[in-house]
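> Next comes the sequence, and after it the predicted model I'd like to discuss.
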Amino acid sequence: MRRLMKLWCVPFVGLSMAILVAGCAKPTTPPEGESSQAEAGTPADETSSASEKTTTENSGAMQQANEPVETATKPETPAAKPAESPTAEKVSVTLGDPSLTAGIAGEGPLKIEEITAWLADPTNHAVLDIRLPMGLDAGQGQIKGVAENPLTRAKIELGRQLYFDRRLSIDNTVSCADCHSPDEGWARHTQFGIGVKGQQGGRNSPVSYNRILSDRQFWDGRAPSLEAQAVGPIANPIEMGFTHDACVKRLAGIEGYRLQFEKIFGDVTIENVAKAIASFERSIVSGPSPFDYYERFKPFEEYSDEDIEGLKEDDPDQYAAYGVAKKGTDEHPMSDSAKRGMKLFFGQKAGCTACHVGANLTDEKYWHIGIGLTAEKPDLGRALADGELPKKGFDGFKTPTIRNVAQSSPYMHDGSLQSLSDVVEHYNKGGITDPNKAEQIKKYVPTDKIKPLNLTDQEKADLVAFMEACTGEFPPVERERQPQ
């Protein structure tokens, strides 16, 4: 019998994602599985915003406890009026639009005349009304930071230049991109990040995409905003090894940067460096994945040819939606293995949605899952950042996103798991099972909740296939053009 009921499709996410975003109950089992906001050896004890004092945190993987706090020197002269006008009419744009990260047109180092022309164009200072791409758009209401730091093309472009500029480090050898590279899933394929003079810390480099959906940053969440995170590594002695004052002085001495800061913000300060870099990082998002295209097609999946013909005759709008959805799955197919893995991921047997929920497939919370707890001096993550004793199962390390996770190995806050298969096996065997450290593990991990999954080899392979199917395109980014 021909189906005539109207389809109520959730735009760009299917039923399972819609249910999760709407508010799935939070089980206490905390699965994880890759790297998200990370830092370094041992977390700092204090966190403060970039607009006050900025903690010497690390975005890549290197943080020592109780490092000195760097503060920006306030200019004594009145700042020029910035070009940004938040009250002006906003311009709608979807993140992932290549024009946002393409850089100022031209070749070679940025010339003063190119920068001047760019700054003279009022469209580059218009506040952007941000939309998220398909898949992430279910999290539109979860966008963080743009009310306090409105996005403009000029801010994003300035942040892009700074993100790839090694002059932000004391010896001109390390940029943000050296620990969070577009070529390595916006992270690094090393166990720990590597800073000036080859120094390395004790935490895996986090990914720097989809940060627009996060407020607290780093593996332990000690930075309250993306702005606070953005400038921490500059003053970290084992990351960029500089000071905020010296960095500001260097940037102010580069005419191309000085012109941009004065036009956009009013002056060169460490707070404005933070705003620019954070603006660029918020523009980096993962695009639609095979999973997202399949989610959009799922409401039509069981329709017969007769049903489709019925839509064509009785509901042209839904017939058109079917055509778009079918084209998407044809061009971005999801394998049968990945579909089976999807059922496991969202089902009770694997239980991945205990933590990996919502549009970005992360709850943005902090969990102990046993990783690193067998060390002589275990890294306790968020508990140290808060300066408080941890609660069992909580206050550990931030749940990483599953989106594009296949591109950012190794995994976990300590980079100890080399592949997604290793991550699945960690949960399949019931977490850390070292009998000599059982009491230490039990102190922090809810071992009554993390139990063996008893997955077959095929089921483990299917879970990996699903995570791989959560990979979308990143926007192309100009990397080379900075002011002379």
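In hand now; what should we look at?
> So which residues of the stretch 201-350 of the chain form helices?
226-235, 244-252, 255-264, 270-282, 290-297, 305-314, 316-331, 336-346 (DSSP state H, counting those that start in this stretch).
> tell me the average confidence for the first one?
Just to be clear, that refers to helix 226-235. For helix 226-235, the mean per-residue pLDDT is 96.
> and the angle from that helix to helix 244-252?
100 degrees (axes from the mean of the first three to the mean of the last three CA atoms, to 10 degrees).
> and if you look at the last one?
Direction vectors for helix 336-346 and helix 244-252, defined by the same axes, to 10 degrees, enclose an angle of 140 degrees.
> one step back: dump the helices of the stretch 201-350 of the chain to JSON lines, plus mean neighbour count.
Backbone N, C-alpha and C define where each C-beta goes, glycine included. What follows is the helices of the stretch 201-350 of the chain, written out as JSON lines (neighbours: other CB atoms under 10 Å):
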{"stretch": "helix 226-235", "mean neighbour count": "30"}
{"stretch": "helix 244-252", "mean neighbour count": "19"}
{"stretch": "helix 255-264", "mean neighbour count": "20"}
{"stretch": "helix 270-282", "mean neighbour count": "27"}
{"stretch": "helix 290-297", "mean neighbour count": "25"}
{"stretch": "helix 305-314", "mean neighbour count": "14"}
{"stretch": "helix 316-331", "mean neighbour count": "15"}
{"stretch": "helix 336-346", "mean neighbour count": "20"}
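> got these as JSON lines, with distance to D379 columns?
Output for the helices of the stretch 201-350 of the chain, formatted as JSON lines (distance: least, CB to CB, whole Å):
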{"stretch": "helix 226-235", "distance to D379": "18"}
{"stretch": "helix 244-252", "distance to D379": "26"}
{"stretch": "helix 255-264", "distance to D379": "37"}
{"stretch": "helix 270-282", "distance to D379": "25"}
{"stretch": "helix 290-297", "distance to D379": "32"}
{"stretch": "helix 305-314", "distance to D379": "55"}
{"stretch": "helix 316-331", "distance to D379": "42"}
{"stretch": "helix 336-346", "distance to D379": "27"}
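> between those, which gets nearest to A126?
helix 255-264 (12.3 Å; CB to CB).
> list the helices and strands that closest one packs on?
Other elements packing on helix 255-264 under the criterion 3 or more CB pairs under 8 Å, 6 or more residues apart in numbering; DSSP states H and E are helix 112-120, helix 153-163, helix 244-252, helix 270-282.
> quick one: strands adjacent to the next helix or strand after the first one?
Using DSSP states H and E, the helix or strand that follows helix 112-120 in sequence is strand 128-131. Taking DSSP bridges as the criterion, strand 128-131 sits next to strand 91-94 (parallel) in its sheet.
> Buried ones in the strand it pairs with, by neighbour count?
V93 (16 or more other CB atoms under 10 Å).
> which one of the helices and strands packed on helix 255-264 lies closest to V231?
Judging these by CB to CB, what sits closest to V231 is helix 270-282, at 4.6 Å.
> tilt between that closest one and helix 244-252?
70 degrees.
> and the angle for helix 270-282 with helix 153-163?
100 degrees.
> Now for P224, how many residues are close by?
Neighbouring residues of P224 were enumerated by other CB atoms under 10 Å; the total is 16.
> Now that it has come up, it's in contact with F218, right?
No: here P224 lies out of contact with F218, judged by CB atoms under 8 Å, at a distance of 10.3 Å.
> what about S304, how many neighbours?
With other CB under 10 Å as criterion, S304 counts 11.
> ok, it to G310 distance?
Separation of S304 from G310 (CB to CB, to the nearest Å): 9 Å.
> Tell me where this protein has strands.
91-94, 128-131, 366-367, 397-398 (DSSP state E).
> just checking, H368 touches D395?
Yes: contact criterion CB under 8 Å: H368 and D395 qualify, at 7.4 Å.
> Find residues that contact each of these two.
Listed as contacting both H368 and D395 by CB atoms under 8 Å, 6 or more residues apart in numbering are 380-381.
> of these two, who's got more company?
Taking other CB under 10 Å, H368 and D395 do not tie; H368 has more neighbours (29 against 23).
> Spatially, which residue comes closest to the more buried one, not counting chain neighbours?
With CB to CB, 6 or more residues apart in numbering as the criterion, H368 has its nearest non-adjacent residue at 3.5 Å, and that residue is G396.
> hang on, the earlier thing: dump the helices and strands packed on helix 255-264 to TSV, plus distance to E459 and mean pLDDT.
Output for those, formatted as TSV (distance: least, CB to CB, whole Å; pLDDT from 0 to 100):
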stretch	distance to E459	mean pLDDT
helix 112-120	53	98
helix 153-163	40	98
helix 244-252	50	98
helix 270-282	36	98
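> how about these in TSV, adding distance to A469?
Output for those, formatted as TSV (distance: least, CB to CB, whole Å):
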stretch	distance to A469
helix 112-120	39
helix 153-163	29
helix 244-252	41
helix 270-282	25
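> so which of those helices gets nearest P206?
helix 270-282 (11.2 Å).
> helices or strands up against the closest one?
By 3+ CB pairs under 8 Å, 6+ apart, helix 270-282 packs against helix 153-163, helix 226-235, helix 244-252, helix 255-264.
> possible to save the ones you listed as CSV with distance to K429?
Listed next are those as CSV, based on distance: least, CB to CB, whole Å:
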stretch, distance to K429
helix 153-163, 39
helix 226-235, 34
helix 244-252, 45
helix 255-264, 52
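> circling back: with respect to G195, which of the helices and strands packed on helix 255-264 lies nearest?
Using CB to CB, the nearest of those to G195 is helix 244-252, at 14.6 Å.
> what's the neighbour count on the closest residue to N272 other than its chain neighbours?
Distances taken as CB to CB, 6+ apart place F265 nearest to N272, at 4.1 Å, with adjacent residues excluded. When neighbours are counted by other CB under 10 Å, F265 registers 23.
> can I assume F265 is in contact with K275?
Yes: F265 is within contact range of K275, at 6.9 Å (criterion: CB under 8 Å).
> what does stretch 431-443 contact?
Contacts of stretch 431-443 with the rest of the structure, by CB under 8 Å, 6+ apart, involve 369-371, 373-374, 378, 392, 445, 447, 450.
> Return a selection command, for use in ChimeraX, containing the buried ones of these.
To isolate in ChimeraX the members of these that are buried, counting by 16+ other CB under 10 Å, one can use:
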select :369,370,371,373,378,445,447,450
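> As TSV, the contacts of stretch 431-443 with distance to C355 and pLDDT would be great.
As requested, the contacts of stretch 431-443 are exported to TSV (distance: CB to CB, whole Å; pLDDT from 0 to 100):
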residue	distance to C355	pLDDT
I369	9	89
G370	14	88
I371	13	91
L373	17	86
T374	21	86
P378	20	86
K392	16	59
V445	14	81
T447	16	61
I450	11	78
